[in-house]
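Asks: For reference, the sequence and a predicted model appear below.
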Amino acid sequence: MKKETVSRDNAMFFVVAVGMSLGTEFFAQAVLDSSMEMSQFPTDNVGQPGYIRINSSAIRKEGNDWWYKFADKVRSGFLASVSYGFSSATDFEGDLAERVTLKRDGYVFSFHIQQYERDSDNRFAIIDSSELADIPENEKLGRVVYLTITSE
């Protein structure tokens, strides 16, 4: 698969799948669940195959006061405001537009596409970016985004 195709599709995945997922109640619950161990949120609900693997344990480790303040913000819809950071003006990082860092209200949201999921004909195999050159142009890949949430 061409680098340009992967970059374009990565950017679109961030804007559409990740951006739309952030505003959902189910995603907010996945963020809260990720304070002790990584949680996983499927993005199929917005028409884009893939997953967001979430880790907010760094905030929990800062102490209960920090965690409760963050959890209250999440329950109040804070993540929807974070989703506004995804647009055509987003600063995508990396050769394949595979990273985005958003800062909002003292928190840092670091998104990184680290893996790709092949289609059903290829048994949904998980691959990394070094294997993309061998993928046909017409195959629709899912993305596996790792989200780490920390305080500034």
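Replies: In hand now; what should we look at? Please read these numbers as outputs of a predicted model, since none were measured by experiment.
Asks: what residue of the chain is the furthest out?
Replies: Note on the chain: the largest C-alpha distance from the chain mean falls to Asp65, namely 25.9 Å (C-alpha atoms, centre = their mean).
Asks: Am I right that that one is in a strand?
Replies: No. Read with DSSP: H, G, I helix; E, B strand; the rest coil, Asp65 is helix and lies in no strand.
Asks: could you list every residue that touches it?
Replies: Under the criterion of C-beta atoms under 8 Å, 6 or more residues apart in numbering, the contact list for Asp65 is empty. Heads up, the C-betas are built off the backbone N, CA and C, glycines and all.
Asks: and it, how far is that from Pro136?
Replies: For Asp65, the distance to Pro136 under the criterion C-beta to C-beta, to the nearest Å works out to 52 Å.
Asks: again, but for Thr101
Replies: 32 Å.
Asks: Those two: who's more crowded?
Replies: Thr101 (13 against 8; other C-beta atoms under 10 Å).
Asks: does that one have beta-bridge partners, and which?
Replies: Ser110 (DSSP bridges).
Asks: correct me, but it touches Ser110?
Replies: Yes. Taking contacts as C-beta atoms under 8 Å, Thr101 lies within contact range of Ser110: 5.2 Å.
Asks: Please, where are all the helices along the protein?
Replies: For the chain, the helices defined by DSSP state H occupy 3-12, 19-22, 25-33, 57-61, 64-75, 78-83.
Asks: With respect to burial, which of these scores highest?
Replies: Highest mean neighbour count of the helices of the chain: helix 19-22, a mean of 21 (counted as mean count of other C-beta atoms under 10 Å).
Asks: CA-only coordinates of that one, as PDB, when you get a sec.
Replies: Output in PDB follows, covering the C-alpha atoms of helix 19-22 (Å, rounded to 0.1, in the frame of the first residue of the first chain):
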ATOM      1  CA  GLY A  19     -13.200  12.300  16.900                       C
ATOM      2  CA  MET A  20     -16.800  10.900  16.800                       C
ATOM      3  CA  SER A  21     -16.000   8.200  19.400                       C
ATOM      4  CA  LEU A  22     -14.700  10.700  22.000                       C
END
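Asks: helices and strands around it, which ones?
Replies: Here helix 19-22 touches helix 78-83, going by 3 or more C-beta pairs under 8 Å, 6 or more residues apart in numbering; DSSP states H and E.
Asks: Okay then, goodbye and thanks.
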